[in-house]
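Participant: Build me a model:
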Amino acid sequence: MTLLTLVRRGIAQRRLSSVLTALSAGVGVALVVAILLLRASLEKHFMEPGRGYSLVVGPPGSRLQLVLNSVYHLDRSSGLVPWSVYEELKAHPSVRLAVPYAVGDSFRGYRVVGTTEALFDAAFPHPAGIGAAKLAAGRPFVCDADALAHAIADMRSGAGAAHDHGHDHAEAVIGAEVAEALDIGVGALIEPTHGVEGGKEHKDEHLWTVVGVLKPTGTPVDRVVFIDLASFYAIPDHAGGVIGSNSEVGLSSILLFPKPGIHKALLLPRLMNRSEFGVAEVAAELQTLFHIVGRVDSIYLITAALVTVLGVISIMVAIYNSMAARKREIAILRAVGAHRRTVFGVVVLEAVVITFVGALAGLIGGHVLVLLGAGAVQSAAGFAPQAGVLWLQEGALLLLVTLLGACAGVVPALHAYREDIATGLAPQS
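Facilitator: Numbering: from 1, shown residues only. Next up is the predicted model:
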């Protein structure tokens, strides 16, 4: 009779106890796996879309908020930065590309961003490519320089729009998710509303023609409606976007892409010393964000690990407590020729099997838990965790918990190892 046969029969005889002790370890493993999946999805959601961006210039204040607002299109803009700053930075010898952003409108739940044709430059990371190569359909919009200059002049003078910018020249390019979710494409007319979270209709009708759909990127760009900046400024409702006594036109932020080499190192300290605007280094702010999130995650992870350890200990206690009822069984095995090492191995292997089954069930349960909670996470945090992805750490976790189970089985196994045959075979009083 093999060890596995003995283990199988022993577990079958204590079926309910074995299942419950296995689940006690499985609960902890499920929590650990769920936390690891959420952390990996969170990192993918924030870190990967941030790659390729360099610096963001905006109003003074929280640098992290500036990055979240400009790169991830989350939260409200905290203020305005003067148009003259954009012109200065655009002409700076260390700057390869400056992309202006003006926010304040939305279209059926998706943020509208006014910008220029710089959006279609090769230096802008998402989607990759240049010009029409960034698009799945259609063409880039045209931001006419003269129309932009006129709109800015009208805003500064308080005259409002100098002309009606109907759909003949008000153009939009939409992200892939916007196109799919709203079932709109090239040639569609859209009418954004005032306010980044729905807001209200503009006083007058302002329509944009969708001239292009961006390629899917898996980044926040997919959820944005981009319009030419001239048409954004030409809306009378945006006349409040001026700064100071000079009535200078404001921008929500400016995305800067320095030239390769030492240019970023030369540019950043100078910008940091300016008081009229703030500057954020995207990579550094994301590291700060994950340092904060990581400390919170660690607390949850430690708690889940403790639950797992307690589950493994409960397996040890359950098997140890069963030794009193198994004295006769062990003595009979010894009497028919089983060595002490065989008895020791049976008990340890039983702990290993129970722990492995519980850990495996917990691993599967962790994925199911994330799958069931994906909708709630999507609503609360803006990203959907990937429950179907297996990570290398999960295999290591399964192995580690199983080894802990083997260690937990040593204590009751030693008890069985030392059991005397005569005592075990003695009649029960």
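
Participant: and residue 77, backbone torsions?
Facilitator: The phi and psi values for residue 77, taken as degrees, to the nearest 10, are phi -70, psi 140.

Participant: Spit out the contact partners of it.
Facilitator: Going by C-beta atoms under 8 Å, 6 or more residues apart in numbering, residue 77 touches 58-59, 69, 103-104, 196, 252-253. In this view, the C-beta of every residue, glycine as well, is placed from N, C-alpha and C.

Participant: Narrow the residues you listed to those that are buried.
Facilitator: Using 16 or more other C-beta atoms under 10 Å as the burial test, the contacts of residue 77 include 58-59, 69, 103-104, 196, 252-253 as buried.

Participant: Restricted to helices, list the residues you listed.
Facilitator: Under the assignment DSSP state H, these contribute residue 69 to helices.

Participant: and the least confident of the buried ones among the contacts of residue 77?
Facilitator: pLDDT across these is lowest for residue 196, at 63.

Participant: on that earlier part again, what is the nearest of the buried ones among the contacts of residue 77 to residue 24?
Facilitator: residue 69 (45.6 Å; C-beta to C-beta).

Participant: That closest one contacts residue 252, doesn't it?
Facilitator: Yes: assessed by C-beta atoms under 8 Å, residue 69 is found in contact with residue 252 at 7.3 Å.

Participant: Tell me the residues that contact both of those two, please.
Facilitator: Residues within reach of residue 69 and of residue 252 at once, by C-beta under 8 Å, 6+ apart, are 58, 77, 103.

Participant: With distance to residue 236 added, can I get those in a markdown table?
Facilitator: Putting the shared contacts of residue 69 and residue 252 into a markdown table (distance: C-beta to C-beta, whole Å) gives the following:
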| residue | distance to residue 236 |
| --- | --- |
| 58 | 25 |
| 77 | 20 |
| 103 | 17 |
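
Participant: distance of the residue nearest to residue 250 when sequence neighbours are not counted from residue 226?
Facilitator: Of all residues not flanking residue 250 in the chain, residue 80 sits nearest, at 2.9 Å (C-beta to C-beta, 6 or more residues apart in numbering). Per C-beta to C-beta, to the nearest Å, residue 80 is found 19 Å from residue 226.

Participant: show me where the stretch 1-150 of the chain has helices.
Facilitator: Ranges of helices in the stretch 1-150 of the chain, per DSSP state H, counting those that start in this stretch, are 3-13, 15-50, 63-70, 83-90, 145-157.

Participant: Just the C-alpha atoms of the fourth one, please, in CSV.
Facilitator: Coordinates of each C-alpha in helix 83-90 appear next as CSV, following Å, rounded to 0.1, in the frame of the first residue of the first chain:
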residue,chain,number,x,y,z
TRP,A,83,-0.9,81.5,-22.9
SER,A,84,2.4,83.4,-22.9
VAL,A,85,4.0,80.5,-20.9
TYR,A,86,3.1,78.1,-23.7
GLU,A,87,4.5,80.4,-26.4
GLU,A,88,7.7,80.8,-24.3
LEU,A,89,8.1,77.0,-23.8
LYS,A,90,7.2,76.1,-27.3
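
Participant: Pull out the buried residues from that helix.
Facilitator: 83, 85-86, 89-90.

Participant: what do you get for stretch 270-286?
Facilitator: Quick answer for stretch 270-286 (16+ other C-beta under 10 Å): 271, 277-282, 285-286.

Participant: ditto for stretch 302-310
Facilitator: For stretch 302-310, by 16+ other C-beta under 10 Å, it's 304-305, 307-308.

Participant: can you give me the strands in the chain?
Facilitator: Taking DSSP state E, the strands of the chain run over residues 55-58, 81-82, 95-107, 110-115, 135-138, 171-174, 189-190, 193-194, 208-214, 224-228, 242-243, 248-251, 253-258, 278-281.

Participant: Report pLDDT for the closest residue to residue 33 other than its chain neighbours.
Facilitator: In this structure, residue 33 finds its nearest non-sequential neighbour in residue 366, 2.7 Å apart by C-beta to C-beta, 6+ apart. Looking at residue 366, its pLDDT reads 91.

Participant: mind checking how far residue 358 is from residue 385?
Facilitator: Look at residue 358 and residue 385: by C-beta to C-beta, they are 23 Å apart.

Participant: just residue 353 next, same as before
Facilitator: 31 Å.

Participant: higher neighbour count, these two?
Facilitator: residue 385 (23 against 20; other C-beta atoms under 10 Å).

Participant: before we move on, the earlier item: single out the most deeply packed of the helices of the stretch 1-150 of the chain.
Facilitator: helix 63-70 (a mean of 22; mean count of other C-beta atoms under 10 Å).

Participant: That one: how far from the chain's middle?
Facilitator: Helix 63-70 sits 16 Å away from the centroid of its parent chain (C-alpha atoms, centre = their mean, to the nearest Å).

Participant: relative orientation of that helix and strand 110-115 in degrees?
Facilitator: Orientation check (axes from the mean of the first three to the mean of the last three C-alpha atoms, to 10 degrees): helix 63-70 against strand 110-115 gives 100 degrees.
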